[in-house]
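>>> Sequence and computational prediction follow.
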Amino acid sequence: YIHSEFINDSTIHNKISHLDGILVAPGFGERGIEGKIDAVRYARENNLPFLGICLGMQMAVIEFARNVLQLKGANSKEMDADTKHPVIDLMEAQKEVTHKGGTMRLGAWDCELTKYSIIHKVYDQDMIKERHRHRYEYNNKYKEQLENAGMLSTGVNPETGLVEIIELKDHPWFVGVQYHPEYKSTVKTPHPLFIGFVKAAKDYAKKKKK
């Protein structure tokens with residue numbers, strides 16, 4: 001593990017440059033958020049295999065919005081309620097919720113995959129069903145801008161239009177998922193997304209040695 005709260009401009013090279021892949025894990029709250037965003041940026045700019053899960057996907061969207069779209073102060077409303085560019089926003093169904101206990105978006109939901117994408121190759125399916133646990137989501141108001149700049153929406157809920165998977169157009173292996181693949185992963189039957197990520201890291205390591 002690398003604690004993201006200790007990642008900054010002066011430490012990131014020593015902490016990350018030796019890695020063959022970066023996974024930004026799920027979580028809540030603002031602790032270590034800027035370090036996570038810096039780690040995402042390093043993976044994006046250096047073609048390092050990247051997997052973001054739930055909050056990790058959201059950090060990837062924020063990083064891209066800030067540094068590629070140049071949307072100053074882009075953020076999640078979870079971290080900054082007054083951000084001018086809420087590329088991650090509270091889900092509509094959550095906006096009237098006052099008692100938080102057990103009210104997040106939970107359970108398994110359908111997700112339609114884009115053919116020829118990284119994620120489609122991982123699953124080899126057109127439709128998947130994965131488990132969720134979150135209140136905040138990708139803000140579709142920024143979808144056109146993000147896609148035009150190269151952040152593709154390759155997994156979408158067919159009923160709500162919620163973007164559940166993002167990839168980068170010109171990156172060898174960069175995937176963010178809103179759901180939690182770890183809920184369906186065991187030692188004997190690891191989730192295909194983890195298998196795909198580890199394979200990408202191994203391929204990166206082989207190229208680096210050459």
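Received it, and whenever you're ready, just let me know what you need.
>>> mind checking the SS state of the most centrally placed residue in the chain?
For the chain, the residue nearest the mean C-alpha position is M57 (1.5 Å; Cα atoms, centre = their mean). Of the three states, M57 takes helix under DSSP: H, G, I helix; E, B strand; the rest coil.
>>> Q178 is in contact with that one, correct?
Yes: M57 lies in contact with Q178 (Cβ atoms under 8 Å); the separation is 5.5 Å. C-betas here are computed from N, CA, C, even on glycine.
>>> buried residues in the worst-scoring helix or strand of the chain on mean pLDDT?
Counting by mean pLDDT, DSSP states H and E, the weakest-scoring helix or strand in the chain turns out to be strand 105-113, with a mean of 82. For strand 105-113, burial by neighbour count (16 or more other Cβ atoms under 10 Å) applies to R105, W109, C111, E112, L113.
>>> Look through this structure and tell me its longest helix.
Identified as the longest helix of the chain according to DSSP state H is helix 192-209.
>>> before we move on, back to that, so which of the buried residues of strand 105-113 comes closest to L48?
L113 (23.4 Å; Cβ to Cβ).
>>> avg pLDDT for stretch 24-35?
Averaged over stretch 24-35, pLDDT sits at 85.
>>> In CSV, list the C-alpha atoms belonging to that stretch.
The C-alpha coordinates for stretch 24-35 follow below in CSV (Å, rounded to 0.1, in the frame of the first residue of the first chain):
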residue,chain,number,x,y,z
VAL,A,24,-6.7,3.7,-6.7
ALA,A,25,-9.1,2.0,-4.3
PRO,A,26,-12.6,2.8,-3.0
GLY,A,27,-13.1,5.1,-0.1
PHE,A,28,-15.0,8.1,1.4
GLY,A,29,-14.1,11.6,2.5
GLU,A,30,-11.4,14.0,1.4
ARG,A,31,-8.3,12.6,3.2
GLY,A,32,-5.6,12.0,0.7
ILE,A,33,-7.7,13.0,-2.3
GLU,A,34,-5.1,15.3,-3.9
GLY,A,35,-2.5,12.5,-3.6
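>>> for this structure, which spans come out with low pLDDT?
Filtered on pLDDT under 70, the chain yields the residue ranges 28, 91-106, 134.
>>> in it, which spans are helices?
12-16, 33-45, 55-67, 118-123, 143-149, 192-209.
>>> so how far is E78 from the nearest residue to A205 once chain neighbours are set aside?
Leaving aside its sequence neighbours, A205 sits nearest to D20 (Cβ to Cβ, 6 or more residues apart in numbering; 4.3 Å). Remark: distance between D20 and E78 (Cβ to Cβ, to the nearest Å) = 30 Å.
>>> Between the two, tell me which one has more neighbours.
The residue with more neighbours, out of D20 and E78, is E78; 19 against 16, by other Cβ atoms under 10 Å.
>>> and the gap between the nearest residue to the more buried one once chain neighbours are set aside and M151?
If the residues on either side of it in the chain are set aside, E78 comes closest to Y136, at 5.0 Å by Cβ to Cβ, 6+ apart. Counting by Cβ to Cβ, the separation of Y136 from M151 is 17 Å.
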